[in-house]
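I would like the atomic coordinates for the input below:
(chains A and B)
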Amino acid sequence: RKEVEQDPGPFNVPEGATVAFNCTYSNSASQSFFWYRQDCRKEPKLLMSVYSSGNEDGRFTAQLNRASQYISLLIRDSKLSDSATYLCVVNYRGSQGNLIFGKGTKLSVKP
Amino acid sequence: DAGVIQSPRHEVTEMGQEVTLRCKPISGHNSLFWYRQTMMRGLELLIYFNNNVPIDDSGMPEDRFSAKMPNASFSTLKIQPSEPRDSAVYFCASSLDRPEAFFGQGTRLTVV
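Residues are numbered from 1 along each chain as shown, chains lettered A, B, ... in the order given. Model prediction:
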């Protein structure tokens, strides 16, 4: 079983739609959780951290369920510019990093 | 602010040749990571350094791969000899006492 699993998609949605991505992780010792965004032929960039209480950044909402080892990302009012691959990331070695990446979910927002 | 700088951006080489990828982390960061990305396997951690010391190299595929960090501002990833299955995008990333990392633009390696 892979350490971080995501639905690869692609998710094809119209502008303005709400879309949700899910991710599961296998290591219960995981401590930190993130969503990264990767545009085509570019490097991954941090989108947001994920906290147990849930957190929101504009149109983006992230949720963490430690009991189920499940992470989600919700994008509201999707824009064409949201088209990218979204990578679920976990870390279980504290501040020294060692980020474990899922393979990503591809999102395509259409006009 | 200068981000993580990698060179070269693209590299095409023949099987059996030595390849050296270079990385300059963000100034002041104390952790440096080398990742490899392929369609089949996604992003895989090869090795990471903390304060210039290799902490975990369990992701290095085999002895053909080696990495060094002689000082806080420079690291290399070397493949010798290279093979076609090494073709991938190699990313360097750095961080400062936090789990999230900042990535360079990557080196796209093609071994023919």
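
Enumerate the residues of chain B near chain A.
B:31, B:33, B:35, B:41-45, B:48, B:50, B:55-56, B:91, B:95, B:97-106 (Cβ under 8 Å from any Cβ of the partner chain). Every residue, glycine included, has its C-beta placed from N, CA and C.

Selection in ChimeraX covering whichever of those are buried, please.
Filtering the residues of chain B next to chain A down to the buried ones (16 or more other Cβ atoms under 10 Å in any protein chain shown) takes a single ChimeraX command:
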select /B:31,33,35,42,43,45,48,50,56,91,95,99,100,101,102,103,104,105,106
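
and the residues of chain B next to chain A, which of them are in strands?
B:31, B:33, B:35, B:42-45, B:48, B:50, B:55-56, B:91, B:95, B:102-103 (DSSP state E).

Report the buried residues of the least confident helix or strand in chain A by mean pLDDT.
Ranked by mean pLDDT, DSSP states H and E, the weakest helix or strand in chain A is strand A:99-101, scoring a mean of 89. Using 16+ other Cβ under 10 Å as the test for burial, strand A:99-101 gives A:99, A:100, A:101.

which among these are in contact with chain B?
Restricting the buried residues of strand A:99-101 to those near chain B by Cβ under 8 Å from any Cβ leaves A:99, A:100, A:101.

do you know how far the second one is from residue B:73?
Read that as residue A:100. Relative to residue B:73, residue A:100 is positioned 27 Å away (Cβ to Cβ, to the nearest Å).
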